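**Student:** The sequence and its predicted three-dimensional model are supplied below.
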Amino acid sequence: MALVDEFDEQMLDIYRRALSEAHYNASRFLQMLNEYRGLANAKILINAPRPSEGYTALCLLGRLDLTVEAVIYDNPKWHPLFTSADLEACIKRLKEYRYIS
């Protein structure tokens, strides 16, 4: 399986985990996954000027580990799929919300 296909599966997995573990239904995220697939969706979200509603909701639930940014940051396996600017955007947002220091 290609790395981009694995990433698509990972994105679907965080949707499922948010629903089962945090009781958060990220319906807009799922809609975007169906429309753009995982990689394009991730790039849209991490490069948006403001965090998504889902990011904010997961922050309030204490589950930033289920955000696209954290999944990318926490697993270097995904880093080749992103530009250095994409990775910096993840780090910047995660620092702003104190997921990392």
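**Tutor:** Received it, and whenever you're ready, just let me know what you need. Residues are numbered from 1 along each chain as shown.
**Student:** tell me the secondary structure for P49?
**Tutor:** Using DSSP: H, G, I helix; E, B strand; the rest coil, the structure places P49 in coil.
**Student:** Look up the pLDDT of it for me, please.
**Tutor:** For P49, the pLDDT comes out at 96.
**Student:** and what of the one 4 residues further on?
**Tutor:** Turning to E53, the model gives it a pLDDT of 94.
**Student:** what's the residue nearest the centre of the chain in contact with, if anything?
**Tutor:** Geometric centre of the chain, nearest residue: V68, 0.7 Å, by CA atoms, centre = their mean. V68 makes contact with M11, I14, N41, A42, L45, I46, Y55, C90, according to CB atoms under 8 Å, 6 or more residues apart in numbering. C-beta: built from backbone N, CA, C; applies to glycine.
**Student:** try 7 Å
**Tutor:** Neighbour list for V68: A42, L45, I46 [criterion: CB atoms under 7 Å, 6 or more residues apart in numbering].
**Student:** Quick check: nearest residue in space to L64, chain neighbours excluded?
**Tutor:** Y99 (4.4 Å; CB to CB, 6 or more residues apart in numbering).
**Student:** what does the model give the one you found for pLDDT?
**Tutor:** For Y99, the pLDDT comes out at 97.
**Student:** same check, this time on M1
**Tutor:** Looking at M1, its pLDDT is 84.
**Student:** Next one: it from F7, what distance?
**Tutor:** 10 Å (CB to CB, to the nearest Å).
**Student:** before we move on, the earlier item: same list (the contacts of V68) but as a markdown table, adding secondary structure, pLDDT and distance to P76.
**Tutor:** As requested, the contacts of V68 are exported to a markdown table (DSSP: H, G, I helix; E, B strand; the rest coil; pLDDT from 0 to 100; distance: CB to CB, whole Å):
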| residue | secondary structure | pLDDT | distance to P76 |
| --- | --- | --- | --- |
| A42 | helix | 97 | 15 |
| L45 | helix | 97 | 19 |
| I46 | helix | 97 | 16 |
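**Student:** Kind regards, and thank you for your time.
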